[in-house]
Each structure stands twice: as structure tokens, then as C-alpha cells.
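J.: When you get a sec, could you give me coordinates for this:
(chains A and B)
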Amino acid sequence: MRVLKGVLHLAKSAVEYDKKKLNVREIIQQKKKTCSVNNYTEKLIPKILFGIAAISVFTTIGIVLTLITETIAFFKDVPFIDFFTGTQLKPLGENAVFGVLPLLTGTIISTSIAMLVAIPVGLMTAIFLSEYASEKTRKALKPLLEILAGIPTIVYGFFAFTFVTPLLRSFIPALEPTNILSPGIVMGIMIIPMVASLSEDAMSSVPNAMREGAHALGATKLEVTWKVVVPAAISGIIASFVLGISRAIGETMIVTIASGSSKNFTLDVTQSMQTMTAYIVEVTGGEAAAGTTLYYSLYAVAMTLFVFTLIMNLLAQYISRKFREEY
Amino acid sequence: MKYVDTEQVHKKMGSRQIANNLAKTLFFLATLFGLAVLIVLIYRVLADGLSWINMDFLMNRLSTDPEKAGIWGAITGTFWLMLVVAPVTMILGIGTAIYLEEYAAKGRVSSFIKTNIANLAGVPSVVFGILGLTVFARALDLGSVVFAGGLTMALLVLPVVVVASQEAIRAVPQFLREASYGMGATKWQTIKNVVLPAALPGILTGVILALSRAIGETAPLVVIGIPALLIPVPDGIFDKFTILPVQIYYWTIDSALIAEYANLAAATIVILLIVLFVMNSIAILIRNKFQKRY
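T.: As a prediction, the model looks like this:
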């Protein structure tokens, strides 16, 4: 209705001129006046909108610039090589040591645990929804998965700390109260809906003719799914995995809450480990004074984190663009 | 002459069918796994928190005594934060979408902005927190106030609004624009009076979803420097503040010391989930009720 009104707006104004019985010259003069105003706005509006659109670009530039300048300041205090090969991270005290490896292993291990949960469960969920479920079941299940995706990460953090860790400790007595295993698993659960929905989109776009062709050759549903649909949708599926990895690397609150702040350099998942994101939260929460090495280390870690996630995102875009099969 | 060895097929058919049925059960169980976790999670939160919710809990200020502690400060903080995030992200998001869909030539500039927005959506929220800390809180010297937090959050959820608005604007059929031009309307008049009203439901859905993301986001605001200390209830956008998720965070990590804090955290989660549920329901309602198919 409102659309119709908009379209009719000008028609109405034409009728109004008629009602007022203005003579032609007055109408032309009035039109000219509004026209010059209109011309002015017509030229101004695109410029304003371009300025607004440019803000998103400035945001990226702002992020990159702040990270780079402060990271350079950090590498004046701590040599580049020492930072990336150092196995010790003791940011506080007089003999502060800044090695990023404990944070890197923490991030890689938590991400690996998360993907060990998210990839199989997410892919199987996607296959069930796309290939096996009836239309009715799918319509009932998808909103529920969307709810799972919409739960704030802080709630998952609470869940990992107060429920999953005590539950796991009853099976694994050696597990510490804060450990990397429990947040890793919960992070995986958090990523399931993302992997499932992106993979399902990829599988749904495989044309039915391909499935029917395989069925006609006598293949069972499992064979059709595994040998026809999944290979055909593989670019979208892999892209969903990579995006999931990127999400797990950047995830903050779950690991901050449930994995503690010990900067252990280990592969033992029952221990507390710190990820890059959790380190950032810890240091800023401690109100690090500007200008100290501790303060600059924040940016060096954030830069590493930013580069990692950026590579993953670009990789996902590349995979889905490069290996997409067009049907 | 036989093309297919039927005997061989019959022999193998049984095991192939069994494999199919096993796989089907497995896929179904995997789907149920996510839902089972959802149910356990909600049950746990309700069991821990529901009995702690009463008027005192909602209306009291923070306190170290679990019996007296309330979340009024966090509720008002969340309210003020949304009052900053909503207009900023709407102006930036819808403006960007209009520019990209209606004005930008399909060239390098527009594809650069689009790639940039796609990549911005993948930047971890904690990095946005660092941007907010460096630029808004320190360089502009705003401090950890609502305004600084709101600007940071607005940039964080910007891609959601841009993408939703772009899709809504793209879905407006070309003949409506042509009808408007045919009546003598200019480009901006067409956008203002025809395109935007038609795209409004889709845009609003995107905005509400973006706000519900902002309400649940914790990391950027912790990084900007919301303290765990007791702070006064904010009266405006230039006051220091706390919000519901940050309150949950501090209560959860302190629950190792005082067990009741876990209940307070759970009760706050219940309130947060109710707010999110209401917002998402409104978004779905708008989408179903007003979205037209042309």
C-alpha cells in the first residue's frame, strides 16, 4: 500500500495544481524552484551515501593501522624471532618473557578439539537435513538449530565451566578445574549449526537429476549421498569447515572462562591453557598501562590473531569460488 | 545374455541396505545431539537460575552479597548501549546498502567495499574490542563509557545490517522503480518513497537480528574496560556502565570463590535469553507478516 502511495505521490501533486487554478507560468516557476532543490539533493545524496559506505573501509583501515603501529612498537622491545619461537610467556614481573608459542598451541589445540566435534556432527546433521529428512522434519528441526546458533557465547562459557567440566571430571579424574578440553568441546557444539547450515545449503543446491541418475543405477541413498551429493557439494562443505575454524580461532569468552589463564606450553588437554583471545581479555582486564611492553604485547597477539582469521576467511572465499561446480 | 549378475547383486544388496539404515540412524542421532545439548543447556540454566529471579533481583544494584545483588545496572546499561548502537548501525548499514545497490557502478569500488564488508564480518569480536579501546576509549579519550562501547558494537554488527538491507533492496522488483521514474520522480525520490518502504520489513529484520547479536556480545566490551567493580547505574551515554553478558562473565569466573554467584549468573542468563527470544520473535513476525513476494 505504501509503495502504491509513493508512486501516486506525484500524480496527486499534479491534480493539486489543477485545483488551485494556477496559471501555467506560475506552475512552471514553482516547478523550477523545486527542481533546483531536487537537483541539489540528487547530487548531494550519492556523495553522502558514498561517505557512509566508505566508513566500513575506514574501519578495516583503522583496525589494520592500530594493530600495525603498536605491533611495530612491540617489536622494538622484543625481537621478532624471540616472540615467534619463545616457548615461555611471563608477561608480568621484572623478568618478563614474551613468547607467543604457548598461546598459539592453546589456540590450535582448542580449535582442533572444536573441529573434531563440529565437522563430523555438523556434516552428518547437514546430510540428514538435506538428504534423509522429510520436508516436515526439516522445517521443525532447522529453527531449533538456529536457536542453538543464536545463543550468546557467554552462555556457552557458563555451560562449559559449570556443567561440562564437572561432567568430564567424573570420567577423567586427572582433568583440572580449568582445562582446554571442555571449552574445546563446547566451542565445537557452538559451531555445529554453522557447519550444518552452510553444508546443507551446498548440498541442497546439487540438482536432483544427479541424485535420480544415481538412484536409477541402483544406488542406495547412502551411496547417492556419499558418492554423488557430497563430492558435488565439496567446495561448499570445505568452505564451511574453514569458516568454522576461523570462528573457533576467534572465539573468546568460552575459553576465557573455562580454560583459565595458565600459559602452559604443552599438548596435554587436561591442563589449563590460554588462547590468543583469552590473553587479550586478560591483559586488557588488568588495565595495562599504555606504553609498557605488556600493553604492546596485546597488539602483537591481536595482530597474529587477525592474520590467522583473515587467512582462513580468504581461504574459504577462495575455495568456494575456485572449486564451485556450476550446474 | 545377462548384463547384470543378479545373484551377485542379491548377495550384496542386504549389506548395502543395512549400511544405509545404519547411516540414516547415525545421521539422525547426530542431528539430535545438537538439540539434546540445547535442551540440557536450557534446563541447567533454568534449574540454577529460575528461583533467583524476583523483583529485587531485577531492581537491585550490584552487591558483593549474593542475596542482595541485582542487575538493574546491567539492564539500564544494556538499554543505553542499544540506544547508541541502533541509530549508528542503522544509518551506516542502510546507507551503505543503498549506495551499493542503487548508486555504485558495478566496478572495482563497489566490489572492493563488498569484499571489505565480507572480511569485516569474519574479524573476531575481540579485535573490534581492541579497535574500540585504542580509537574510541583512548585516542578520542572517551573512556569506557556507553558511547565508546556503542560505537564499537555498531561497527561489529554493521555487516549483518548491510547484508540484510542489500538483500531486501535487491528483492524490490524493478517495475516499481520504473513506475516511479515514469511518474517523473527523481532517483532519490524513488529510493525514498518507493524502494525503502518496500524493503523496510527485510531491513528491520536485519536490524533486530544485529541488535540481538550486540546484546549477547561480551568480549569487545570487556576489552574496552568494563570493570568488575560496583559502578553506579548509568544515567546517559557518557557514563560508565556494565551490561548483562559482562555481568554474567564476572559472576561466572567468581563462582569458584562464592558458589551462589553461579546462580546469579544463571538467573542473568535467563533474563538475557528471554530478551533475545522476544527480539528474535519480533524479527520473525515482521518477516512473515510484512514481507511480500512480488
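J.: need the helices for the stretch 1-150 of chain A, in chain order.
T.: For the stretch 1-150 of chain A, the helices defined by DSSP state H, counting those that start in this stretch cover A:2-20, A:24-77, A:80-85, A:101-127, A:135-150.
J.: Show me the contact partners of stretch B:153-160.
T.: For stretch B:153-160, the surrounding residues in contact (CB atoms under 8 Å, 6 or more residues apart in numbering or on different chains) are A:56, A:59, B:81, B:84-85, B:88-89, B:92-93, B:96, B:117-118, B:120-121, B:125, B:128, B:131, B:206, B:209-211, B:213-214, B:217, B:220-221. Using the backbone N, CA and C atoms, a C-beta is placed for each residue, glycine as well.
J.: cool, stretch A:180-187 as well?
T.: A:106, A:109-114, A:117-118, A:156-157, A:159-161, A:164-165, A:168, A:172, A:175, A:248, A:251, A:254-255, A:257-259, A:269-273.
J.: PyMOL command for the buried members of the residues you listed?
T.: In PyMOL, this line selects whichever of those come out buried by 16 or more other CB atoms under 10 Å in any protein chain shown:
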select buried, chain A and resi 106+109+110+111+113+114+117+118+156+157+159+160+161+164+165+168+175+248+251+254+255+257+258+259+269+270+271+272+273
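J.: circling back: and the helices of the stretch 1-150 of chain A: which comes nearest residue B:195?
T.: Comparison of these against residue B:195 by CB to CB identifies helix A:2-20 as nearest, at 8.8 Å.
J.: can you list the domains in chain A?
T.: If you go by automatic domain parsing, the domain ranges for chain A are A:2-77, A:89-322.
J.: Generate TSV for those, with mean pLDDT and distance to residue B:245 as supplementary columns.
T.: Formatted as TSV, these follow (pLDDT from 0 to 100; distance: least, CB to CB, whole Å):
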stretch	mean pLDDT	distance to residue B:245
domain A:2-77	79	22
domain A:89-322	90	4
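J.: most neighbours per residue, which of those?
T.: domain A:89-322 (a mean of 20; mean count of other CB atoms under 10 Å in any protein chain shown).
J.: rewinding a little: for residue B:171, which of the domains of chain A is the nearest?
T.: Using CB to CB and comparing those, the one that lies nearest residue B:171 is domain A:2-77, at 12.6 Å.
J.: and stretch B:175-183, C-alpha only, in PDB?
T.: Output of stretch B:175-183 as PDB, limited to C-alpha atoms (Å, rounded to 0.1, in the frame of the first residue of the first chain):
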ATOM      1  CA  PHE B 175       8.900  -2.400 -12.200                       C
ATOM      2  CA  LEU B 176       8.200  -0.400  -9.100                       C
ATOM      3  CA  ARG B 177      11.200   1.700  -9.700                       C
ATOM      4  CA  GLU B 178      10.300   2.100 -13.300                       C
ATOM      5  CA  ALA B 179       6.700   3.100 -12.400                       C
ATOM      6  CA  SER B 180       8.100   5.800 -10.100                       C
ATOM      7  CA  TYR B 181      10.500   7.100 -12.800                       C
ATOM      8  CA  GLY B 182       7.600   7.100 -15.200                       C
ATOM      9  CA  MET B 183       5.700   9.500 -12.900                       C
END
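J.: same question for that stretch, mean pLDDT?
T.: When pLDDT is averaged over stretch B:175-183, the result is 93.
J.: the strands in the stretch 201-327 of chain A, which residues?
T.: Under the criterion DSSP state E, counting those that start in this stretch, the stretch 201-327 of chain A carries no strands.
J.: residue ranges for the helices of it, please.
T.: A:208-216, A:221-224, A:230-232, A:234-250, A:253-258, A:276-285, A:293-322.
J.: For those helices, give me TSV that also has distance to chain B.
T.: Below are the helices of the stretch 201-327 of chain A laid out as TSV (distance: least, CB to the nearest CB, whole Å):
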stretch	distance to chain B
helix A:208-216	12
helix A:221-224	4
helix A:230-232	12
helix A:234-250	3
helix A:253-258	5
helix A:276-285	5
helix A:293-322	4
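J.: do you know which of those lies nearest residue B:232?
T.: Taking those one by one with CB to CB, helix A:276-285 is closest: 20.3 Å.
J.: From the chain's centroid, how far away is the closest one?
T.: 19 Å (CA atoms, centre = their mean, to the nearest Å).
J.: what sits up against it?
T.: Contacts for helix A:276-285 (CB under 8 Å, 6+ apart): A:89, A:91, A:100, A:103-104, A:106-107, A:249-253, A:255-256, A:259, A:261, A:263, A:274, A:294-295, A:297-298, A:301-302, A:304-305, A:308, B:124, B:126, B:129-130, B:133, B:219, B:222-225.
J.: how about the nearest residue to the one residue in the stretch 51-200 of chain B that gets nearest to chain A, chain neighbours excluded?
T.: With CB to the nearest CB as the measure, residue B:124 is the residue of the stretch 51-200 of chain B nearest to chain A, at 2.7 Å. Counting by CB to CB, 6 or more residues apart in numbering or on different chains, the nearest residue to residue B:124 once its immediate chain neighbours are dropped is residue A:250, at 2.7 Å.
J.: so who does the one you found touch?
T.: A:277, A:305, A:309, B:122-127.
J.: helices and strands of chain B: which one has the lowest mean pLDDT?
T.: When each helix and strand of chain B is scored by mean pLDDT, DSSP states H and E, helix B:55-59 comes last, with a mean of 80.
J.: Would you tell me what the next helix or strand after that one is?
T.: Elements were assigned by DSSP states H and E; along the chain past helix B:55-59, the next helix or strand is helix B:72-98.
J.: does chain A sit close to the following helix or strand past that following helix?
T.: Scanning forward in sequence from helix B:72-98 by DSSP H and E, the next helix or strand is helix B:108-121. Yes. With CB under 8 Å from any CB of the partner chain as the criterion, chain A is reached by helix B:108-121 at B:112-113, B:116-120.
J.: who's in contact with the spatially closest residue to residue A:74 that is not a sequence neighbour?
T.: Computed as CB to CB, 6+ apart, the closest residue to residue A:74 that is not its neighbour in sequence is residue A:296, at 3.6 Å. Residue A:296 is in contact with A:70-71, A:73-74, A:77, counting by CB under 8 Å, 6+ apart.
J.: and with 10 Å instead?
T.: Listed by CB atoms under 10 Å, 6 or more residues apart in numbering or on different chains, the contact partners of residue A:296 are A:69-78, A:98, A:288, A:290.
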